[in-house]
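**Student:** need a structure here:
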Amino acid sequence: MKSVVDQSDDTIRVTPKRRPPNRGRTGLLAAAAGGSAMVLAAVWLLWPSHRAVQVSAVPAPAAVTAQGSGSAGGVPRQAEFAVRTATAEQILADQPGGLTVFRLAENPKIVVLDFASLREQGLMLNRVAALIEKAKLPHDRLLSDGELDQAIRASGSTVENFYYGHDYGAPALVRFFALAAQERIKLTPQEAELHRLLRQLGWFSSGASGGLISIPRVGADEHVTRAARAAILHHELSHGEYFSNPAYVAFVHQFWRSMLTAEERSRVRSFLGADGYDTALDDVMENEAQAYLMFTHDPDFFAPGMIGMQPARLLELQRDFLRQMPQGWLRNALGAWLASAPVARAD
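**Tutor:** Predicted coordinates for the structure are as follows:
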């Protein structure tokens, strides 16, 4: 999701119904009306809860080590991170003083990092973003600190607003740290902290799966209103499901290839390419398509006209998507939204 900005100079503008350029996989930020947040919150409250999942520490992978990992005298260390299980509505209401780590109650394979500071978020995750999805940047090696700084500056951004929110699957994060070890990249303290968290979650184990997303605290900067935070969370959680549910991935692939026309796919690619995504990465394209078209409902952040689509066509797609998507919490969320959504109207 992206910040609403003026396209001519890439500075942030609080302008309704403007497609915001890329701030990472969730730059979708703007000063949205407080009522939008209330509607989103009401939808979240309809979602079912799951029981808490106990998080236990696991050994670090041989390829990557970080200060503070391991055990003393063969006795496992106490878990460094308190991982709370919470519903989407509880996460939305959180006001972190630092970094808070959640498992989503609706799907415990989704881990949410709730940051009080945009700078801390950027120092932890911007280099991951550059590797995984940014256009015109290498996807087979990590950027050095200098290269990352140059890439951020070239985009007209800062460490803080390069990405307002992130989302990644477990395999991509494991690959990031394997490359860091192979290339002898000195991790930032925040990246080393992420490594320790992933080790505690067990994501370095063979076959581990999960989705990690991040959101900023309300007031992290002047653009992170409660409505903006709600929009980011809503959008990002659908990415978390994509990274953690193989049945949903298979369905989204079908949606991208069969439910959208070739022309619609082309317009989605153009929309995302203008935001800095690498349009050659089909998994990124289909993942963003489902998040924007199905789960980004606030017109300050996304409207069908931004991809040259009529509102009636988007509503048709949403209803077809709902009918065919796998059962579960995300289907319930879309159903609740469509049941309460206003009748489609022209942009």
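
**Student:** low pLDDT regions in the stretch 201-347 of the chain?
**Tutor:** Low-confidence segments of the stretch 201-347 of the chain (pLDDT under 70): 342-347.

**Student:** now the strands for it?
**Tutor:** With DSSP state E, counting those that start in this stretch applied, the stretch 201-347 of the chain shows strands at 211-216, listed in chain order.

**Student:** all helices of it, in order?
**Tutor:** If you assign secondary structure with DSSP state H, counting those that start in this stretch, the helices in the stretch 201-347 of the chain sit at 226-244, 246-254, 262-273, 282-295, 311-324, 329-340.

**Student:** and if you look at the stretch 51-200 of the chain?
**Tutor:** With DSSP H, counting those that start in this stretch as the definition, the stretch 51-200 of the chain shows helices at residue ranges 88-93, 118-132, 145-154, 170-182, 189-201.

**Student:** and the residue nearest to Glu80 when sequence neighbours are not counted, how far from Glu120?
**Tutor:** The shortest distance from Glu80 to any non-neighbouring residue, by Cβ to Cβ, 6 or more residues apart in numbering, is to Arg196 (5.8 Å). From N, CA and C alone the C-beta is placed, and that goes for glycine too. When Cβ to Cβ, to the nearest Å is the yardstick, Arg196 and Glu120 sit 15 Å from each other.

**Student:** more neighbours: the two, which one.
**Tutor:** More crowded of Arg196 and Glu120, by other Cβ atoms under 10 Å: Glu120, with 21 against 18.

**Student:** show me the shaky parts of the stretch 51-200 of the chain.
**Tutor:** Low-confidence segments of the stretch 51-200 of the chain (pLDDT under 70): 51-77.

**Student:** for Asn245, give me its contacts.
**Tutor:** Counting by Cβ atoms under 8 Å, 6 or more residues apart in numbering, Asn245 makes contact with 107, 109, 326, 328.

**Student:** the third one is in contact with Tyr248, isn't it?
**Tutor:** Right, the one you point to is Pro326. Yes: using Cβ atoms under 8 Å, Pro326 is in contact with Tyr248, at 5.7 Å.

**Student:** give me the more crowded residue out of the two.
**Tutor:** Remark: of Pro326 and Tyr248, Tyr248 carries more neighbours, 20 against 13, as counted by other Cβ under 10 Å.

**Student:** verify the contact between that one and Leu237 for me.
**Tutor:** No: counting by Cβ under 8 Å, Tyr248 stays clear of Leu237, with 11.9 Å between them.
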